[in-house]
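Visitor: Got a predicted model here, sequence first, then my questions.
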Amino acid sequence: MAKSKPAVGLDIGSSSVKLVQLKEKRGGHQLLAFGTAPLPPEAIVDGALMNSAAIVQAIQEVFAQQKVKAKEVAIGVRGHSVIIKKISLPRMTQEELDESIQWEAEQYIPFDVKDVNIDTQILTPDGDAAGQMDVLLVAAKKDMINDYTSVCAEAGLTATVVDVDAFAVQNAFEANYEPGANDTVVIVNVGAAVSNLNVVTRGVTTFTRDITMGGNAFTEEIQKQLNISYDEAEALKVGGQGDSDAVVPQEVERVIQGVAEQLGGEIQRSLDFYTSTTPDGKITRAILSGGTARIPALFKTLEARAGVPVEILNPFKNIEIDNKKFDPAVLLAAAPAAAVSVGLALRRPGDK
């Protein structure tokens, strides 16, 4: 059988649609296309697609703008409708697990098993002395997956891979960085509406959590405190992202700092829970991604609260880029926001 080509990474986020197309080359990948199209506010609320027509239009727009002819896409899901849990089961093969997981999963997920798609990955195939093995269980509600695959279909595309945002970012991280053998890295992906936390030890996910707070919280708080429109607030928030020429009112700095502390507190609570339940769970470094990663106050707050070095993820770091075709400065500025779409673009239909 011919090797399937990587799918086009299509990140349907709550503020924009992002597309990445990669080409496999010896020893790595080359960037063929990268584009983004904004979505109107409220097009996606709590992971639910409220304005499918606008989403379809944005998808078609970004494909046309990038002249991408491929029709197979990899998409990511996140939020309340996705459950990720590490569970302990008696040692068995992947085939046996696939057969029994429907029964096993019932006690771990708050939805009816008939309403979800379930995937598993055995983390410790050899098991422990008591014959138990760790399994990563991922369940996503079928109706939500159907909503996302249908907007792709309406845009003339086929979703051949459905991944989870947190794992897509982990993919992008592993393709571009060399974690040390004993590194335990927390990858924090701050999206517009949801932030994903993924703790990875020796290349294996040991803890994940979605926090329903992200970049929009900064914009909404600026809007409320300064009594201005959403668009004006967004411009002030973006103005505060490392652009030295932009004069950001002190009031905005104060609001941004307050929201950063609140989000930092949520992240710290999740990490405290992880370290209290994992005996040797010492985190050695943190990686920050997502469009909001470029807010300096968030970076500093995370560094102070996590107590480990923090680095902003560049998902294009090891990817070959043609500087005639892509402006390096534009790519670098967009890099943290492109993590999910790059991670999705590394997937191929049928891989695990």
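Guide: That came through, no problem. Numbers count the residues shown, from 1 in each chain.

Visitor: Compute the number of surrounding residues for Tyr230.
Guide: When counting by other Cβ atoms under 10 Å, one arrives at 13 neighbours for Tyr230. All C-beta atoms are positioned from the backbone trio N, CA, C, and that covers glycine.

Visitor: roughly how far apart are it and Val190?
Guide: Noted for Tyr230: a distance of 19 Å to Val190, by Cβ to Cβ, to the nearest Å.

Visitor: And the helix or strand of the chain with the lowest mean pLDDT, what's buried?
Guide: When the helices and strands of the chain are scored by mean pLDDT, DSSP states H and E, helix 230-239 comes last with a mean of 87. The neighbour-count check on helix 230-239 (16 or more other Cβ atoms under 10 Å) flags Ala233, Glu234, Leu236, Lys237, Val238 as buried.

Visitor: Likewise for stretch 265-275?
Guide: Glu266, Ile267, Gln268, Ser270, Leu271, Tyr274.

Visitor: What of stretch 41-49?
Guide: Judged by neighbour count using 16+ other Cβ under 10 Å, the buried positions of stretch 41-49 are Pro41, Ala43, Ile44, Gly47, Leu49.

Visitor: for stretch 16-32, same thing?
Guide: Neighbour counts over stretch 16-32 (16+ other Cβ under 10 Å) mark Ser16, Val17, Lys18, Leu19, Val20, Gln21, Leu22, His29, Leu31, Leu32 as buried.

Visitor: Likewise for stretch 217-229?
Guide: Ala217, Phe218, Thr219, Glu220, Glu221, Ile222, Gln223.

Visitor: One more: stretch 201-219?
Guide: Buried positions in stretch 201-219, judged by neighbour count with 16+ other Cβ under 10 Å: 201, 205-211, 213-219.

Visitor: so what strands line up beside the strand or helix carrying Gly9?
Guide: Taking DSSP states H and E as the definition, Gly9 sits inside strand 8-12. With DSSP bridges as the test, strand 8-12 is paired with strand 16-25 (antiparallel), strand 72-77 (parallel).

Visitor: ok, residues contacting the shortest one?
Guide: Counting by Cβ atoms under 8 Å, 6 or more residues apart in numbering, strand 72-77 makes contact with 5-12, 47, 140, 144-145, 148-149, 152, 157-165, 168, 340, 343-345, 347, 349, all of which sit outside it.

Visitor: How about the first one?
Guide: Contacts of strand 16-25 from elsewhere in the structure, counted by Cβ under 8 Å, 6+ apart, are 5-6, 8-11, 29-39, 55, 58-59, 62-63, 66, 68, 70, 192, 319-320, 337-338, 340-342, 344-346.

Visitor: Can you redo the strands paired with strand 8-12 as JSON lines, where the extra columns are mean pLDDT?
Guide: Putting the strands paired with strand 8-12 into JSON lines (pLDDT from 0 to 100) gives the following:
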{"stretch": "strand 16-25", "mean pLDDT": "96"}
{"stretch": "strand 72-77", "mean pLDDT": "97"}
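
Visitor: With distance to Glu261 added, can I get those strands in TSV?
Guide: Output for the strands paired with strand 8-12, formatted as TSV (distance: least, Cβ to Cβ, whole Å):
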stretch	distance to Glu261
strand 16-25	26
strand 72-77	28
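
Visitor: so which of those strands comes closest to Gly131?
Guide: Gly131 sits nearest to strand 72-77 of all the strands paired with strand 8-12, at 33.6 Å, using Cβ to Cβ.

Visitor: what mean pLDDT does whichever helix or strand comes after that closest one have?
Guide: Where DSSP H and E defines the elements, the next helix or strand beyond strand 72-77 is strand 82-90. For strand 82-90, mean pLDDT is 93.

Visitor: could you check the angle strand 72-77 makes with strand 82-90?
Guide: 80 degrees (axes from the mean of the first three to the mean of the last three Cα atoms, to 10 degrees).

Visitor: Where do the strands of the stretch 201-350 of the chain begin and end?
Guide: 204-211, 285-289, 310-312 (DSSP state E, counting those that start in this stretch).

Visitor: List just the nearest of the buried residues of helix 230-239 to Val186.
Guide: Taking Cβ to Cβ as the measure, Val186 lies nearest Lys237 of the buried residues of helix 230-239, at 24.2 Å.

Visitor: For Gln257, give me its contacts.
Guide: By Cβ under 8 Å, 6+ apart, the residues touching Gln257 are Ala297, Thr301.
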